[in-house]
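[1] Model the following, please.
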Amino acid sequence: MNTYECKQCGMAVKATCGNCDVPLENGKIDLPDGSQVQVSKCPECEGKIKSPMCCGADMSCNL
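    Predicted coordinates:
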């Protein structure tokens with residue numbers, strides 16, 4: 001299972017899709033203004049959520 005970890009404090013979470021029970025993967029969405037938003041996405045149903053945050057920053061995912 002993929003684990004999202006805070007680079008500042010070490011807090012970690014494990015995230016799975018509530019519909020598919022599949023581990024979420026790290027991803028990005030390209031916005032019209034050219035910026036990107038980090039998301040967690042399901043590889044099965046392709047659902048997406050904003051990636052978890054801790055200490056005011058997106059948590060990174062170890063794939």
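
[2] ok, the closest residue in space to Asp30 that isn't next to it in sequence to Met11 distance?
    On the basis of Cβ to Cβ, 6 or more residues apart in numbering, the spatially nearest residue to Asp30 that is not a chain neighbour turns out to be Gln36, at 5.7 Å. In this view, the C-beta of every residue, glycine as well, is placed from N, C-alpha and C. Gln36 sits 23 Å away from Met11 when distances are taken as Cβ to Cβ, to the nearest Å.

[3] who's more crowded, those two?
    Counting neighbours by other Cβ atoms under 10 Å for Gln36 and for Met11 shows that Met11 has the greater number, 13 against 10.

[4] Show the pLDDT at that one.
    In this model, Met11 is scored at 90, pLDDT.

[5] leaving aside the residues next to it on the chain, what's closest to it?
    Nearest in space to Met11, with sequence neighbours left out and distances taken as Cβ to Cβ, 6+ apart, is Cys54 at 4.9 Å.

[6] Quick one: neighbours of that neighbour, just the number.
    Close neighbours of Cys54, defined as other Cβ under 10 Å, add up to 17.

[7] That one touches Ser60, doesn't it?
    No. Counting by Cβ atoms under 8 Å, Cys54 does not reach Ser60; the two are 10.2 Å apart.

[8] circling back: which residues touch the residue nearest to Met11?
    The neighbours of Cys54, taking Cβ atoms under 8 Å, 6 or more residues apart in numbering as the test, are 6, 8-9, 11.

[9] do Cys55 as well
    Remark: with contacts taken as Cβ under 8 Å, 6+ apart, Cys55 is in contact with 6, 8-9, 11.

[10] For PyMOL, write a command that selects the buried ones of these.
    Applying 16 or more other Cβ atoms under 10 Å to the contacts of Cys55 leaves a buried subset, and the PyMOL line that selects it is:
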select buried, resi 6
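
[11] No more questions from me, cheers.
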